[in-house]
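1. have a look; sequence and predicted model below, questions after that.
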Amino acid sequence: MQQIRLGDWLGWCPDNIDRLQHPQLLTTDKPGQSLPAMLRRRLDISGRAVCDLLARLDPDARYPLIHASRHGDASRTLDMLKGLVNQEPPSPTRFSMSVHNATLGVHSIANDHHRPLQALSASGNELEAMFWEAAGYLAQGQSSVVVAFSEGELPEDYVGHTTHPGFPCAIAMRLTLNQGPCLMNSNTDGSEGAPHPFDVIRWLSGSTTTLAGRQQQWRLEQL
């Protein structure tokens with residue numbers, strides 16, 4: 001991978017999560033102020049937060065955007081699955097907002113964004129997937145790529161069956177080839193588990209020095 005660099009970052013988690021304080025960590029229970037009300041109500045809380053982070057890191061809608069989420073809007077999806085079991089037809093609107101690209105779609109409408117958009121889910125490999133996809137865009141000549149990683153509320157039915165931070169959260173990073181510290185990576189043996197967005201927030205805020213994904217361990221170059 002090219003030596004991609006961290007140009008800037010912002011994170012979000014609810015303000016009742018008293019675990020970390022950092023000037024680049026937004027803590028509000030009412031994200032989504034970058035969206036008009038009609039669009040805001042279509043997304044869950046983490047989707048609204050992602051839109052706010054993207055709007056701040058790409059205010060002029062200039063860069064390709066990548067959004068990764070392991071579970072997406074799991075509550076909405078589970079409700080539709082339960083409805084199907086009860087022979088209830090799914091609402092087309094609810095279905096359209098349950099897919100992984102829904103958040104970027106809403107953001108692009110609200111911010112008149114016409115650059116490339118990409119949604120990812122990688123079964124625990126979201127961190128590596130975001131970085132590799134961003135590296136591809138940068139190799140093709142893009143000056144920056146903004147990536148976001150989020151998790152929403154996890155339905156009770158899923159608790160204990162998957163890794164999750166236990167609360168909704170989101171992180172966004174502006175990646176470049178020429179500004180900020182390098183993202184240094186080395187191979188791992190695959191035993192470290194699958195990082196979630198709050199793990200990335202803790203890493204970028206300095207609470208941890210390395211971040212281990214399933215394939216790679218990451219650290220920031222010391223400037």
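-> Happy to help now that I have it. Being a predicted model, the structure only gives us computed values, none of them experimental.

2. separation between Leu154 and Thr162?
-> In this view, Leu154 and Thr162 are 7 Å apart by CB to CB, to the nearest Å. Bear in mind the C-beta positions are built from the backbone N, C-alpha and C, glycine included.

3. should've said Arg56
-> From Arg56 over to Thr162 the distance is 29 Å, taken as CB to CB.

4. same question for Asp8.
-> As for Asp8, its distance to Thr162 is 30 Å (criterion: CB to CB).

5. ok, now His114?
-> In this view, His114 and Thr162 are 35 Å apart by CB to CB.

6. those two: who's more crowded?
-> Thr162 (14 against 8; other CB atoms under 10 Å).

7. for the more buried one, grab phi and psi.
-> Main-chain torsions, Thr162, degrees, to the nearest 10: phi -160, psi 160.

8. which residues touch it?
-> Thr162 is in contact with 70-71, 154, counting by CB atoms under 8 Å, 6 or more residues apart in numbering.

9. cool, and Thr27?
-> Each residue near Thr27 by CB under 8 Å, 6+ apart is listed here: 12-15, 17.

10. any regions of this protein where pLDDT drops low?
-> Of all residues in the chain, those with pLDDT under 70 make up the ranges 1-2, 16-19, 95, 97, 189-192, 223.

11. any idea which element Gln179 lies in?
-> Counting by DSSP states H and E, no helix or strand carries Gln179.

12. if you could redo that for Phe149, that was the one I meant.
-> Per DSSP H and E: strand 144-151 holds Phe149.

13. so what's the gap between that strand and the chain middle?
-> Offset of strand 144-151 from its chain centre (CA atoms, centre = their mean, to the nearest Å): 5 Å.

14. which element follows it toward the C-terminus?
-> Where DSSP H and E defines the elements, the next helix or strand beyond strand 144-151 is strand 169-176.

15. contacts for that following strand next, please.
-> By CB under 8 Å, 6+ apart, strand 169-176 touches 4-13, 17, 46, 49-50, 53-54, 56-58, 63, 131, 134, 138, 143-151, 183, 196-198, 200-201, 204.

16. that strand: partners in the sheet, and parallel or antiparallel?
-> For strand 169-176, the paired strands and their directions (DSSP bridges) are strand 5-12 (antiparallel), strand 144-151 (antiparallel).

17. comparing these, which comes out most buried?
-> Comparing these by mean neighbour count (mean count of other CB atoms under 10 Å), strand 144-151 comes out on top with a mean of 26.

18. from Arg70, how far off is Cys154?
-> One thing to correct before we go on: residue 154 is Leu, not Cys. 10 Å.

19. still on that earlier bit, output the contacts of Thr162 as CSV; include the columns neighbour count and distance to Pro36.
-> Below are the contacts of Thr162 laid out as CSV (neighbours: other CB atoms under 10 Å; distance: CB to CB, whole Å):
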residue, neighbour count, distance to Pro36
Arg70, 22, 28
His71, 22, 26
Leu154, 22, 28
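
20. now name the helix or strand holding Met80.
-> Per DSSP H and E: Met80 is located in helix 74-85.

21. which secondary structure elements does that helix sit against?
-> Applying 3 or more CB pairs under 8 Å, 6 or more residues apart in numbering; DSSP states H and E, we find helix 74-85 packed against helix 92-96.

22. many thanks, we can stop here.
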